[in-house]
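Trainee: below is the structure, and that's it, no one-letter string:
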């Protein structure tokens, strides 16, 4: 019985360490969501990914970090806006907690 | 047959012992390995700090002679139909690059490789070879020299590539 109790405690201990060590892997934060949106704008100015915004024109490649903002934090995802000062247009990215760009639209209606 | 029963006192002792051990493991191993916090110095001695440095590179641990990481650069090149191009960067040993590239259409055969500086034998080391439309990753230069991609377009249309890089490097550019 003592051996069994020791084994259970040891398993719980090891499990706890593993859970603590990997508790936040895979989930992005707002800062990373901004970085992903910034990268995605450049990629969308290179190629049409099939989103509503289509292929963006070359002026979108010039966007600075200050042109991006997290406008909404949803459960499991972020909405990030990208404002093009040259054209006055704003597009919105729906980015999942795993970093995947789920959609890119001309309006914040996801 | 008698059944052993653990007394409450023993259980409390076991729980306390487990809690103390968990705290020691957390402070001595998990904090340095995962969060780069090493209050006991044990993480440094066991080499656990290296594990956390893959995600959180602090300037204080960067060698003095190592150049600071460059901000993200976006490079666009075109591979003519039926031809190959090579785009290279100069990197010193152990310098690191994060990269992401994609084509505007067809997948391309590529060879991500490095050639040691000053080598005249034609030796090169391949880090990745495949035929893909896009790829994301990172690599640490195993030696000082030129490192980068050879892309070959076997289609009858030119293929554009957008390459995003950040890290420690100097652009050499297209090689003839």
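Mentor: Thanks, I have it. Note that the structure is a prediction, hence the values are computed from the model and not measured.

Trainee: hmm, stretch B:11-30 touching chain A?
Mentor: Yes. Looking at stretch B:11-30 against chain A by CB under 8 Å from any CB of the partner chain, the contacts come from B:11, B:14-15, B:17-18, B:21-22, B:25-26, B:29-30. C-betas here are computed from N, CA, C, even on glycine.

Trainee: from the residues you listed, pick the one nearest residue B:110.
Mentor: The closest of the residues of stretch B:11-30 next to chain A to residue B:110 turns out to be residue B:30 (CB to CB; 38.8 Å).

Trainee: which residue is nearest the middle of chain B?
Mentor: By CA atoms, centre = their mean, chain B has its centre lying nearest to residue B:138, at 4.0 Å.

Trainee: return the distance of the closest residue to that one other than its chain neighbours relative to chain A.
Mentor: Closest residue to residue B:138 apart from its sequence neighbours, by CB to CB, 6 or more residues apart in numbering or on different chains: residue B:98 at 4.5 Å. Distance, residue B:98 to chain A, using CB to the nearest CB, to the nearest Å: 11 Å.

Trainee: helices or strands up against the one helix or strand residue B:98 maps to?
Mentor: Per DSSP states H and E, residue B:98 falls inside strand B:96-103. Applying 3 or more CB pairs under 8 Å, 6 or more residues apart in numbering or on different chains; DSSP states H and E, one finds that strand B:96-103 contacts strand B:134-140, strand B:159-167.

Trainee: neighbours of residue B:12, just the number please.
Mentor: 10 (other CB atoms under 10 Å in any protein chain shown).

Trainee: which element, helix or strand, includes it?
Mentor: With DSSP H and E as the test, residue B:12 turns up in helix B:8-25.

Trainee: quick one: the strands in chain A?
Mentor: Counting by DSSP state E, chain A has strands at residues A:68-74, A:77-84, A:89-96, A:101-105.

Trainee: redo those strands as JSON lines? Include mean neighbour count, mean pLDDT and distance to chain B.
Mentor: As requested, the strands of chain A are exported to JSON lines (neighbours: other CB atoms under 10 Å in any protein chain shown; pLDDT from 0 to 100; distance: least, CB to the nearest CB, whole Å):
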{"stretch": "strand A:68-74", "mean neighbour count": "14", "mean pLDDT": "96", "distance to chain B": "14"}
{"stretch": "strand A:77-84", "mean neighbour count": "20", "mean pLDDT": "97", "distance to chain B": "15"}
{"stretch": "strand A:89-96", "mean neighbour count": "21", "mean pLDDT": "97", "distance to chain B": "16"}
{"stretch": "strand A:101-105", "mean neighbour count": "17", "mean pLDDT": "97", "distance to chain B": "13"}
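
Trainee: OK, contacts around the closest residue to residue A:76 other than its chain neighbours?
Mentor: Nearest residue to residue A:76 in three dimensions, chain neighbours excluded: residue A:97, at 5.0 Å (CB to CB, 6+ apart). Contact analysis of residue A:97 by CB atoms under 8 Å, 6 or more residues apart in numbering or on different chains lists A:26-28, A:76-78.

Trainee: where does residue 66 land on pLDDT?
Mentor: Here I'm looking at chain A. According to the prediction, residue A:66 has pLDDT 95.

Trainee: oops, I was thinking of chain B
Mentor: Confidence score, pLDDT, at residue B:66: 54.

Trainee: tell me which stretches of the chain form helices.
Mentor: Picking chain A for this. In chain A, the helices defined using DSSP state H lie at A:2-21, A:30-44.

Trainee: try again with chain B
Mentor: Under DSSP H, chain B gives helices at B:8-25, B:42-46, B:49-53.

Trainee: closest one to residue A:69 among those helices?
Mentor: Among the helices of chain B, helix B:49-53 sits nearest to residue A:69 (CB to CB), with 30.0 Å.

Trainee: so where's chain B shaky on pLDDT?
Mentor: Within chain B, the stretches with pLDDT under 70 are B:1-4, B:15, B:35-36, B:47-68, B:176.

Trainee: how about the residues of it by chain A?
Mentor: Counting by CB under 8 Å from any CB, the residues of chain B lying close to chain A are B:3-6, B:10-11, B:14-15, B:17-18, B:21-22, B:25-26, B:29-30, B:33-34, B:72, B:74, B:76, B:100, B:102, B:104, B:160, B:162, B:164.
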